[in-house]
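Chemist: pasting the structure only:
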């Protein structure tokens with residue numbers, strides 16, 4: 001590939017960001033819109049999740065084998081997601097160990113350069129999470145609630161960090177800028193905060209607060225104790 005054929009990163013990255021909104025709309029907003037349009041509201045609000053809402057939509061469509069095909073797609077996507085998350089959590093544990101925030105054995109590499117201990121621990125955690133479904137039919141709601149609690153907090157921290165980022169950089173220095181700043185960020189923080197409050201008030205999602213809040217508090221305490229001691 002010649003230098004003329006190499007894409008300019010200053011152009012490629014903004015172009016990818018501009019198309020992100022369209023991709024999010026097509027694969028998330030539009031898909032969920034179809035689900036809530038086709039499925040009866042009494043079914044979409046089921047307290048115990050027994051099958052994918054997309055499978056339910058195809059089951060209602062009357063197309064032969066459509067639900068089975070969609071089940072195969074969902075299972076394949078779940079396996080792909082699990083594979084990705086084992087990689088991500090393994091690398092995260094490895095990085096934390098190398099930074100001194102996790103046990104040192106998780107930061108060791110095999111002869112092939114793989115963080116075997118971190119990957120095995122990550123896989124064991126996922127198997128243990130899957131085994132919870134054998135103890136209660138509400139396993140999905142509780143595990144997803146805890147994960148959602150952490151995800152919402154992470155996004156709120158990202159939004160707050162963006163305010164600090166924009167104060168540290170002049171507007172003309174930025175090649176990519178968020179439209180309607182800071183209104184979008186403030187609206188997102190309000191909506192995410194409302195979700196957290198709603199999850200705490202809803203008995204079906206209270207597990208996210210019961211488990212998530214103490215866990216975040218414990219991690220924060222451990223971080224500050226380590227920071228003071230070092």
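Modeler: Sure, I can see it. Remember, predicted model here, so these are calculated numbers, not experimental data.
Chemist: C-alpha only now, for contacts and for neighbours.
Modeler: Noted.
Chemist: where does this protein have low pLDDT?
Modeler: 1-18, 35, 38-64, 67 (pLDDT under 70).
Chemist: how about a cut-off of 50?
Modeler: Scanning the chain with the threshold set as pLDDT under 50 gives 1-11, 46-48.
Chemist: Residue 107 touches residue 100, doesn't it?
Modeler: No - Residue 107 is beyond contact range of residue 100, at 9.1 Å (criterion: CA atoms under 8 Å).
Chemist: Specify which residue of the two has the higher count of neighbours.
Modeler: Comparing residue 107 with residue 100 by other CA atoms under 10 Å, the one with more neighbours is residue 107, at 23 against 12.
Chemist: same for the longest helix along the chain, what does it pack against?
Modeler: Secondary structure of the chain per DSSP state H: the longest helix is helix 66-98. On a contact count with 3 or more CA pairs under 8 Å, 6 or more residues apart in numbering; DSSP states H and E, helix 66-98 meets helix 53-61, helix 116-131.
Chemist: which residues sit in contact with residue 196?
Modeler: Residue 196 makes contact with 149, 152, according to CA atoms under 8 Å, 6 or more residues apart in numbering.
Chemist: ok, so what distance separates it from residue 36?
Modeler: Counting by CA to CA, to the nearest Å, the gap from residue 196 to residue 36 is 22 Å.
Chemist: do the same with residue 223
Modeler: Noted for residue 223: a distance of 42 Å to residue 36, by CA to CA.
Chemist: what does residue 154 give?
Modeler: Between residue 154 and residue 36 the computed distance is 27 Å (CA to CA).
Chemist: Check which helix or strand residue 214 maps to.
Modeler: helix 207-229 (DSSP states H and E).
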